[in-house]
Every structure is written in structure tokens, then in C-alpha cells.
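Engineer: For reference, the sequence and a predicted model appear below.
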There are 2 protein chains.
Amino acid sequence: MDEFELIRQYFTRTLTDSDVRIGIGDDGALLRPAAGRDLITVVDTLVEGVHYPLNMAAADIAWRAVAVNLSDIAAMGARPRWMTLALTLREADPDWLADFSDGLFAAAAEHDVSLVGGDTTRGRQVVVSIQITGDVDPDRVLTRSGAKAGDRIYISGTAGDAAAGLELLRSGTVSSDTANELVDRFRRPNARIALAQAIAPLASAAIDLSDGLYADTLKLLQASGAGGRIAVDALPMSAALRAEFDAQRARQFALGGGDDYELCFTLPAEEEPRLSEIALQQKVRLTRVGIVTDGIGLDCTDNGAPFAYLDAGYRHFDAAEKAWV
Amino acid sequence: MDEFELIRQYFTRTLTDSDVRIGIGDDGALLRPAAGRDLITVVDTLVEGVHYPLNMAAADIAWRAVAVNLSDIAAMGARPRWMTLALTLREADPDWLADFSDGLFAAAAEHDVSLVGGDTTRGRQVVVSIQITGDVDPDRVLTRSGAKAGDRIYISGTAGDAAAGLELLRSGTVSSDTANELVDRFRRPNARIALAQAIAPLASAAIDLSDGLYADTLKLLQASGAGGRIAVDALPMSAALRAEFDAQRARQFALGGGDDYELCFTLPAEEEPRLSEIALQQKVRLTRVGIVTDGIGLDCTDNGAPFAYLDAGYRHFDAAEKAWV
């Protein structure tokens, strides 16, 4: 048995989902979909040195790889169910693999996701592709394309923390509690699965914040054939972000920084009153940051006055790339 | 719009499957599964220089990447439906991408598979991960684990051609028609989708031939908790293989060579008479190569006498790796 056969053992754990009729070990996984529900499939790849720093812990890489996919599942209002892993490695290092698989299963366990298959290959660079399939009530699907003029634009949690954390990681100055808090937002993002399902009956459109608040909100508006306006003075920012960076940089992270994996969604004004109860139940801050218009593009205001913002778009370490789903 | 945003355009074509409710362009693909059917999911990664030669045409790389997954779908007796692509590129070369997407869509069109999503990233080496999801009648699933002592072992088509073709490619001696025929078996494998569904009601177990006849048959037997015996003198070999290589090397390719993507299956003796009609309908040669025993491991015979065969296992260019599903 060669080393790559052995690798499989790191990813074989007892399955608890009875709808996984056959998991790892045959030519394919055999899965039983829930009657009457549609499927949502998402796939995201992390390339070493491109999407995460070379010195990032294996468990954190795996966690991130799962979380970014969960966030896409959330953005569709779906429930995640099954996951596959395509993993390209330079070598089969047992410590790295044990750590990686711990991070992978920990992130998956948060949302009862089963690893049902995968492929391990050797290459010159670590490449982690994860695909997650979930299911959704066909009448409760969230898409990017339903926003209408007059709808309110909301985001969950706080914006800019993950990008600020990455900046601190890069500059090597992570000494305070608040700095660690920001770094953790980059290392261990949490997808808004439960929240997305709670807002699905009210929301007209949704997208997850992976490329930055400005860029992703603009994508939602473009998909909806609408324009919008956001109030940069209203952006929810964490105390940690404000402690570590001055007001101007903090705002820059909040508008342009990626990797937060919060939810951006729109809803008609008349549904707004129902949000406070959802925020309370879900223990999450929901902040109105703007409004959908019948224009084109996304404008910014600062305390009511026009605010010029040129979005550089979020760019990873040395590459620009796009997930299509 | 950056180059990686442009890449998406190479992979966006009109969808004809009405069960793909949302394809490329939102946070996830929205798919409607057929009522009463189970899902089969498979994933396989091709790494440049590991699973295919560096000078292989982009269209052939893409075809192969699709075909190896289709073959896993076939081995489960399923119908392929939806595909995603995780593609890591060194650069965005328009010619290469146009060629790659042509090969991808051509292979998918053979079996009415829709590309519903993907992710494009930049890296130091080309890595192509494809995942295909299909569906299957829950009562007609083929697995590796149902073979029983006394069952006959069959394979479709001919064995060893693809490995022989790869050998010719490596040595650079592809001048004759028969050599080209073998190379084409490596370049453009065809998954046995229709055949697998036809034999599903009769077969007790199945696996596709990716790592070699000996290695894959052994895997089927091990999964079934059985042993087996194959007659190396009965192995179906193409005229091209026999023309290009002497008898001993041809046999070596047929037993140990991978990448044929033919089907190996077992069935009870009483079902054998029904195979000739299926072979005729499917226009494919079906050859009985051996028998399942209540022993352990896989023995070989040559005209009835024991034949010592030490399987080296199929190894790609510079790596050994395993697909788990």
C-alpha cells in the first residue's frame, strides 16, 4: 500500500447520515436526496500561497476551505449536506494530514456535513478543492437576482475584520487581543447557514461577502438589474477593527476587504420590522447599510454627502480568480 | 474585468437541461433531482505532468478529465447529469482555454452532461478537478461489493490499449495507423455509460478499469470479500495492440496497464446467456476473463496452468495517487 492509499485513512470516519448509502470506497458515493427539495452545489478552490499564506496551519486551511463553500451554500438559503475533497499535495506528511483532516471534520461537523468522497493527487503546490452539495425548499431559494428598487440592503455581523486580520498576519504584528480577534476572523470564518435560512422567507436577494462589501453588493445589484446606494458611515465595524486601525483604514477594510463570509441581503421595507426578532434569535447583528435604486452601479454616501470610492476589488496574494458558483 | 473573470466566458454555454434551474453565475447551482432516484457523485483530479504528458492538447486533457469521471459514474450503473470544474491555471491563455473548453463540452455532450459551475484559480501547475453527479434507480445500483463465489468475471472491449498508447507517446514513435489507434485510446477514452446500465440488472458487482485489469479486478474482489482467478490467455486484446507489441508485452499491458476505462463486472453463471444480446445491442465485445472464488486474492492461469504475475500496480508519470470515489 503506497502513501497515497494511506492518505485516504485520514479522511475516512464513521458516517452518521443514513442518506449517505455508500461513502468513500466504491467508484462513487451513493446519496439519497430528500424528497421535494432541490439541490445546491458549490465548489471553491484554495491554492497555497494564493488564497492563504504559506505558513498557515493545515487545520486552518482545511477549515477555511470548508467555510468558504458553506458560505456559498448559505447565500442560496440552503442546508449543506455532503462534501467532497480534491486534494493535491507535494508530499504525504502525516502530521500535516492529521492536522488538516481535524480542521476539515471540525468545520464540517459545525453544520452536520458528511465527507462522502474525494481524490488525492501529487503536485508541486497544495491545491484544495471542496465541493459541497446541500438542499433547499424550492420556494425558499435565495438568489442574487431578486432585489427591487426601494429594497433595503443589510449585512450581518461586522465588515472588514478578516481582511484586517490578514493584513496583521502579513505584517507580523499580532500581539494584542484585538489583533488576534481579527486574525481569527480570517483563520476561522463561520458561514451564516442558520441566519440565511431564517431570512430566506423575507429577503429578495442575497450574496455572501467573499470579495468585499462593495464588490459583492455591486454583484448582487447587477444580477438584479438594479443600482444601489450605501452609507459608509453606517457600516458595522467591530471594536477590534477600530482599535487596531485608524478610521480611514478601518473603513477601507469594511468596504473593500474580502473574506468576511458575512451575508449581504436585500428585503422590502415592509419586512424590516421582522428582522429584529431574527437578529435576537440568531444572536447576530443585522445592519441596514443602504438601499436599492432603479439606477446603475453602487454609489456611496458619508453622512448624506456623496462619497467617492474607487473599489480596487479584492485581490488575493498574487492572483485574481473567480468562483463561478 | 480581469482575465480570470473572462475565463468564465469560455465555460458559459446555453443550458438545455430544464432541471438546471440556476447554472453558472450565482453563489451556487440550483438543481432539481429526479423523484425516486438516488444520486451518484464522483470526483477525479488530473495534474499536469502527473496524469498526462506536458505536451498533451488542451482539448484532450479536458476530454480525459470528463471521461475518467464518466467512467466512475458508469461503474455505479448511473446516468451522468451535472458537472463542475475546478481549474487551476498558470496563466489565462485564450487559445488553450478555447481548446480546453471545446474538449470539455464535447466529452460532456456525448452523455448529455451539463456544466453547472466551477472555480478558476491561478497556480504554478495546471490542476483539473471535475466532479460529476448522476442519478440511478436505487434498485439498480452497481457496486464493487456484490460478487459471489462462482460468479463469472467479464470485461468490456479490449484491455491494455491505453497504456500501450501512452508508452508509444512517451517513446515518440507514433507513425502507423495501429499506433495512432492505441494513442487515441489514451487520448479519448469513452466511458461505458449505456453498457453499464444495460448490465446493471444482471451484474453482481462492477468496477471501471482505471488502474489496470489485475489491480481493479482485485479491488472488486476485495470489496466483495472474495477471491478470483483470471485466464490471461483469455484476455481480449486489440489487433492494434498485437501489431505494435510482442505477445509478452501486449499481455503485460492488458493485465497491468491502466486508463482503459472499460468495465469489469461479475454476474451469476445463469445470467451469462443474456450477455450476447446486450453485446450486440451495445455493439461492444464482452469477454469472460475469469471466475470468482471463495479464496483470497486474484490468481492467474495461462491455458489452465498457474501463471505467476506480480502486479506492479499502475503508476502515473511520477506519482501514485488514489481516487476515493
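Structural biologist: Happy to help now that I have it.

Engineer: Get me the contact residues on the stretch 51-200 of chain A for chain B.
Structural biologist: Taking CB under 8 Å from any CB of the partner chain as the measure of proximity, the stretch 51-200 of chain A contacts chain B at A:51, A:72-73, A:75-76, A:78, A:82, A:84, A:86, A:88, A:116-125, A:127, A:129, A:131, A:133-134, A:136, A:138, A:141, A:143-145. Every residue, glycine included, has its C-beta placed from N, CA and C.

Engineer: One more pass at 6 Å, please.
Structural biologist: Within the stretch 51-200 of chain A, the positions near chain B by CB under 6 Å from any CB of the partner chain are A:72, A:75-76, A:84, A:86, A:88, A:117-125, A:127, A:129, A:131, A:141, A:143-144.

Engineer: Go ahead and build a PyMOL selection from the buried members of those residues.
Structural biologist: The following PyMOL selection, which keeps only the buried ones among these, applies the criterion 16 or more other CB atoms under 10 Å in any protein chain shown:
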select buried, chain A and resi 72+75+76+84+86+88+117+118+119+120+121+122+123+125+127+129+131+141+143+144
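
Engineer: Stretch A:286-296: which residues count as buried?
Structural biologist: When burial is assessed from 16+ other CB under 10 Å, stretch A:286-296 yields the following buried residues: A:L286, A:T287, A:R288, A:V289, A:G290, A:I291, A:V292, A:T293.

Engineer: Sort out for me which of those residues are in strands.
Structural biologist: Restricting these to those inside strands, with DSSP state E as the criterion, leaves A:L286, A:T287, A:R288, A:V289, A:G290, A:I291, A:V292, A:T293.

Engineer: Tell me, please, the helix or strand in chain A that averages the lowest pLDDT.
Structural biologist: strand A:322-323 (a mean of 55; mean pLDDT, DSSP states H and E).

Engineer: so how many other residues sit close to A:G297?
Structural biologist: The burial count assigned to A:G297 is 12, neighbours taken as other CB atoms under 10 Å in any protein chain shown.

Engineer: wait, A:D184
Structural biologist: 15.

Engineer: got it, and A:A206?
Structural biologist: If we define neighbours as other CB under 10 Å, then A:A206 has 28 of them.

Engineer: Please apply the same query to A:A67.
Structural biologist: Counted with other CB under 10 Å, the neighbours of A:A67 add up to 24.

Engineer: Now the residue nearest to it when sequence neighbours are not counted: phi and psi?
Structural biologist: Computed as CB to CB, 6 or more residues apart in numbering or on different chains, the closest residue to A:A67 that is not its neighbour in sequence is A:P189, at 4.4 Å. Its backbone dihedrals place A:P189 at phi -60, psi 150, with angles given as degrees, to the nearest 10.

Engineer: Okay, and the residue of the stretch 51-200 of chain A found nearest chain B sits in which element?
Structural biologist: Among all residues of the stretch 51-200 of chain A, A:G117 sits closest to chain B, at 3.1 Å; criterion: CB to the nearest CB. Here A:G117 sits within strand A:114-122, counting by DSSP states H and E.

Engineer: and the helix or strand following that strand, what does it pack onto?
Structural biologist: Reading on from strand A:114-122 to the C-terminus, the next helix or strand found by DSSP H and E is strand A:127-136. Applying 3 or more CB pairs under 6 Å, 6 or more residues apart in numbering or on different chains; DSSP states H and E, one finds that strand A:127-136 contacts strand A:38-47, helix A:58-75, strand A:79-89, strand B:127-136.

Engineer: Please export the C-alpha coordinates of the third one as PDB.
Structural biologist: Extracted as PDB, the C-alpha positions of strand A:79-89 are listed here (Å, rounded to 0.1, in the frame of the first residue of the first chain):
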ATOM      1  CA  ARG A  79     -28.800  23.400   4.100                       C
ATOM      2  CA  PRO A  80     -25.400  21.900   3.500                       C
ATOM      3  CA  ARG A  81     -25.300  18.100   3.400                       C
ATOM      4  CA  TRP A  82     -22.400  16.400   1.600                       C
ATOM      5  CA  MET A  83     -18.900  17.300   0.800                       C
ATOM      6  CA  THR A  84     -16.100  16.000  -1.400                       C
ATOM      7  CA  LEU A  85     -12.400  16.900  -1.300                       C
ATOM      8  CA  ALA A  86      -9.900  17.000  -4.200                       C
ATOM      9  CA  LEU A  87      -6.500  17.500  -2.600                       C
ATOM     10  CA  THR A  88      -3.200  17.900  -4.400                       C
ATOM     11  CA  LEU A  89      -0.200  17.600  -2.200                       C
END
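
Engineer: could you give the mean pLDDT of that strand?
Structural biologist: Averaged over strand A:79-89, pLDDT sits at 97.

Engineer: Then the second one?
Structural biologist: The pLDDT scores in helix A:58-75 average 97.

Engineer: repeat for the last one
Structural biologist: The average pLDDT for strand B:127-136 rounds to 98.

Engineer: Residues contacting that strand, please?
Structural biologist: With contact meaning CB atoms under 6 Å, 6 or more residues apart in numbering or on different chains, strand B:127-136 is reached by A:86, A:88, A:127, A:129, A:131, B:34, B:37-43, B:45-47, B:65, B:69, B:73, B:77-88.

Engineer: And for the longest one?
Structural biologist: Judged by CB under 6 Å, 6+ apart, the contacts made with helix A:58-75 from elsewhere in the structure are A:40, A:42, A:44, A:46, A:52, A:80, A:96, A:99-100, A:102-104, A:107-108, A:128, A:130, A:132, A:134, A:187-189, A:191-193, A:196, A:206-208, A:261, B:27-28.

Engineer: Check stretch A:236-247 too.
Structural biologist: Outside of stretch A:236-247, the residues within contact range by CB under 6 Å, 6+ apart are A:T158, A:G160, A:D161, A:A164, A:T178, A:A179, A:E181, A:L182, A:A250, A:A254, A:R285, A:T287.

Engineer: Just the buried subset of these, please.
Structural biologist: Using 16+ other CB under 10 Å, the buried members of the contacts of stretch A:236-247 are A:T158, A:G160, A:D161, A:A164, A:T178, A:A179, A:E181, A:L182, A:A250, A:A254, A:T287.

Engineer: The second one against A:G256, yeah?
Structural biologist: No: with the criterion set as CB atoms under 6 Å, A:G160 and A:G256 do not qualify as a contacting pair; they are 8.2 Å apart.

Engineer: Bridge partners for the residue of the stretch 51-200 of chain A closest to chain B, pull those for me.
Structural biologist: In this structure, A:G117 bridges to A:T84 when assessed by DSSP bridges.
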